[in-house]
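Visitor: Predicted model follows, preceded by the sequence.
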Amino acid sequence: MANKPNLLIVTNLYPLPWEPNRATFNKQQFSHLRAHANIRILVPVAWPQWIKHRSQISPNDDVCYAPYLYLPRFGRRFYSSMMYWSLRITAGSWIKRKPSDTVLASWAYPDAVAASKLAALLKCPLFIKVHGSDINSHFDYPARKLRILASMKQASKVQCVSQALANVLQSEQVPTGKTEVIYNGVDLDKFQLTEANAQQDYVLYVGNLKADKGVMELLEGFAAIARRFGQLKLRFVGSGAMLAALESKTAQLKLADQVEFLGSQDHSKLPGLIGGARLLALPSYNEGVPNVVLEAMACGTPCLATRVGGIPEVLPSFAGELITARSASAVTQGLETMLSNPTWDQQQIREHAQQFSWPKSAASMASMMWPTTMEQQ
């Protein structure tokens, strides 16, 4: 595209030099968006992490990791203002080094609120991408909610990763015409249905080991069927605050021979792990549209997931089972149903996943931000 627009993206959801597997979905989407725009990415980093890892940060014209100051566990209603002023001070020269025509914020708070102030300063239109967890967590706090809604009022469009998320915003008086549903994508070349995906006898979880991801319910639900499926294993991929509690519960349940904790794995290893699983399990309390579900379907692997957020929009009955959140017994019943079904059509699941591609997702984003430019191509 000749004369591409210049896009400044503000988001904490991006890989870090010391966390290369962080938010790989955004990295993939923004990489494909480069076909439509000249992109620079401003990544706010909490100051304790920035100080600890600053030696790993190298100057870069395309990506700027900038520290932002805040008071831990105090005054979160002020985090957006602190982020804005921190970015102006620590990344101001980087921002001004090249022109910006458009500002995109990916994450509602404090990123989008801080980005709304940057967009006003730069006299650029603002676009916001929300993911689900950002809205679900911060809308419970009135002061933050008001700031988020004010930034959305300023925005030209708010991109939602599911219709369910758009419905939540519309119920909060965000105009229907301001929201646009654009699903995330999946790397269909990387996540494939191949002969190497011979299913092995394990259930797989991939994600942060956090309580609201339903990891304890998954372990307890698995425990109820583990002895009847004696060779079946449960594998957790990821790290997080619940690891110690999960390991302790595993020992208490005497399941050390059937439950494995593989830790954080490079994204390049996920196709093999997901493709080899009997099924992927994700019993989250809330979600937008989790990319791991799209990746599993691209591998032809059925999914056990909760009926929350945008998951029902992308996971049809032929590709898995939907269960109630916050229930170990629902996990048990779902596992029994899925493991007793030997007829999952992997090719049908894969074909369904092919509608969720990164080029399609990026092109939809470009059309949202620059409709006239896209029409002229």
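Guide: Sure, I can see it. Numbering: from 1, shown residues only.
Visitor: Look up the closest residue to Ala115, ignoring the ones flanking it.
Guide: Excluding the flanking residues, the one nearest Ala115 by CB to CB, 6 or more residues apart in numbering is Ala105, at 3.6 Å. No exception for glycine: its C-beta is placed from N, CA and C like everyone else's.
Visitor: wait, Leu193
Guide: Nearest residue to Leu193, sequence neighbours excluded (CB to CB, 6+ apart): Gly300, at 3.8 Å.
Visitor: returning to what we had before: okay, now the residue nearest to Ala115: neighbour count?
Guide: A count of nearby residues for Ala105, using other CB atoms under 10 Å, gives 28.
Visitor: Would you check how far apart it and Leu7 are?
Guide: According to CB to CB, to the nearest Å, Ala105 and Leu7 sit 11 Å apart.
Visitor: what packs against the helix or strand hosting Gln170?
Guide: Using DSSP states H and E, Gln170 falls within helix 163-171. Secondary-structure packing of helix 163-171 (3 or more CB pairs under 8 Å, 6 or more residues apart in numbering; DSSP states H and E): helix 133-138, strand 157-160, strand 179-181, helix 311-314.
Visitor: Flag every buried residue along it.
Guide: Gln163, Ala164, Leu165, Ala166, Val168, Leu169 (16 or more other CB atoms under 10 Å).
Visitor: and if you look at stretch 261-278?
Guide: Quick answer for stretch 261-278 (16+ other CB under 10 Å): Phe261, His267, Leu270, Pro271, Leu273, Ile274, Gly275, Gly276, Ala277, Arg278.
Visitor: what's the most distant pair in those residues?
Guide: His267 and Arg278 (21.6 Å; CB to CB).
Visitor: measure stretch 74-84 end to end?
Guide: 17 Å (CA to CA, to the nearest Å).
Visitor: Residue numbering should commence at 28 henceforth.
Guide: I'll keep to 28 as the first residue from here, and by that count the last item is stretch 101-111.
Visitor: now that stretch: mean pLDDT?
Guide: The predicted model assigns stretch 101-111 a mean pLDDT of 91.
Visitor: quick one: contacts of that stretch?
Guide: 71, 95-97, 136-138, 140-141, 144-145, 168, 170-171, 174 (CB atoms under 8 Å, 6 or more residues apart in numbering).
Visitor: Among those residues, list the two that are farthest apart in space.
Guide: Farthest pair in the contacts of stretch 101-111, by CB to CB: Leu145 and Tyr168, 22.6 Å.
Visitor: So for those two, which sits in the more crowded spot?
Guide: In this view Leu145 and Tyr168 are compared by other CB under 10 Å, and Leu145 has more residues nearby, 23 against 14.
Visitor: what packs against the helix or strand harbouring that one?
Guide: Secondary structure assignment for Leu145, by DSSP H and E: helix 140-149. For helix 140-149, the packing partners by 3+ CB pairs under 8 Å, 6+ apart come out as strand 33-37, helix 106-124, strand 129-133, strand 153-157, helix 169-181.
Visitor: closest one to Leu280 among these?
Guide: Short answer: strand 153-157, nearest of the helices and strands packed on helix 140-149 by CB to CB, at 37.8 Å.
Visitor: ok, the closest one: who's next to it in the sheet?
Guide: strand 129-133 (parallel), strand 184-187 (parallel) (DSSP bridges).
Visitor: just the ones you listed: most buried one?
Guide: With neighbours taken as mean count of other CB atoms under 10 Å, the strands paired with strand 153-157 reach their highest mean count in strand 129-133, at a mean of 26.
Visitor: now could you export just the CA positions of that one as PDB?
Guide: Taking C-alpha atoms only, strand 129-133 is exported to PDB below (Å, rounded to 0.1, in the frame of the first residue of the first chain):
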ATOM      1  CA  THR A 129      -3.700   7.300  14.400                       C
ATOM      2  CA  VAL A 130      -3.500   5.900  18.000                       C
ATOM      3  CA  LEU A 131      -4.700   2.400  18.900                       C
ATOM      4  CA  ALA A 132      -4.800   1.300  22.500                       C
ATOM      5  CA  SER A 133      -5.000  -2.500  23.300                       C
END
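Visitor: Averaged pLDDT, that strand. What do you get?
Guide: 98.
Visitor: same check, this time on stretch 370-390
Guide: The average pLDDT within stretch 370-390 is 95.
Visitor: if I pick Ala308, what's in contact with it?
Guide: If a contact means CB under 8 Å, 6+ apart, then Ala308 has Val230, Leu231, Tyr232, Leu245, Cys330, Leu331, Ala332, Val358, Leu362 as its contacts.
Visitor: most neighbours, which of those?
Guide: Ala332 leads those on contacts (other CB under 10 Å) with 30 neighbours.
Visitor: would you say that one is within a strand?
Guide: Yes. The assignment for Ala332 is a strand, going by DSSP: H, G, I helix; E, B strand; the rest coil.
Visitor: who's it bridged to?
Guide: Leu309, Leu349.
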